[in-house]
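In: A structural model of the following input is requested.
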Amino acid sequence: MSLAITHFAFGALCATLLLAYLPVRTRYGFSLAVGSGVWAMLPDFWHVAPTAGALFRTVGHSAVGNVFWLHPLLDAADPKDTHFLGAVMVGVYFLVSLVHAERRRDAPAFSVEWERLPRALRRRR
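Out: Prediction:
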């Protein structure tokens, strides 16, 4: 059973990679990545929702659970809930997100239009 952050980062990583390499442009990339991360955690929803706990547990940890970004496979690969795998997954997701954002940007990520600032806030040159 992997940590929740491992599942979330893996789901968000998969969505980011799909958005990076499919010929699709959308301004909702961040929302799709977050939604995909939540989608990857749905089989473990039984921990917080006791009413439908049996359904989430049986479906999420069966062969059908692979629809949730290979959730049972990650649980089998990390049976001891290691923090190392979670940290590696978050780091890989962070790096892939940075590369994806840098490759698709049209303008600088941060720029200041000095002419629009009031004189009191401008740098002295």
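
In: so what's residue 56 closest to, chain neighbours aside?
Out: Leaving aside its sequence neighbours, residue 56 sits nearest to residue 46 (CB to CB, 6 or more residues apart in numbering; 4.0 Å). In short, each C-beta sits where N, CA and C put it, glycine included.

In: Need the three-state assignment for the one you found.
Out: Here residue 46 is recorded as helix under DSSP: H, G, I helix; E, B strand; the rest coil.

In: distance of it from residue 52?
Out: Note on residue 46: its distance to residue 52, by CB to CB, to the nearest Å, is 7 Å.

In: Give me the residues contacting the lowest-mean-pLDDT helix or strand in the chain.
Out: Using mean pLDDT, DSSP states H and E, the weakest-scoring helix or strand in the chain turns out to be helix 53-60, at a mean of 79. The contact list for helix 53-60 (CB atoms under 8 Å, 6 or more residues apart in numbering) reads 42-46, 49, 65, 68, 71-72.

In: Those, buried ones only, as a ChimeraX selection?
Out: Of these, the buried ones can be selected in ChimeraX as follows, counting by 16 or more other CB atoms under 10 Å:
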select :42,43,44,45,46,65,68,71,72
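
In: what's the most distant pair in the contacts of helix 53-60?
Out: The span of those, defined through CB to CB, is set by 49 and 72 at 19.0 Å.

In: Quickly find the element holding the residue lying closest to residue 61 once chain neighbours are set aside.
Out: Closest residue to residue 61 apart from its sequence neighbours, by CB to CB, 6+ apart: residue 72 at 5.4 Å. Here residue 72, judged by DSSP states H and E, is contained in helix 71-77.

In: need the helices for this structure, in chain order.
Out: Assigned by DSSP state H, the helices in the chain fall at 4-21, 29-41, 53-60, 71-77, 83-104.

In: Please identify the most buried of the ones you listed.
Out: Stretch with highest mean neighbour count among the helices of the chain: helix 4-21 (a mean of 21; mean count of other CB atoms under 10 Å).
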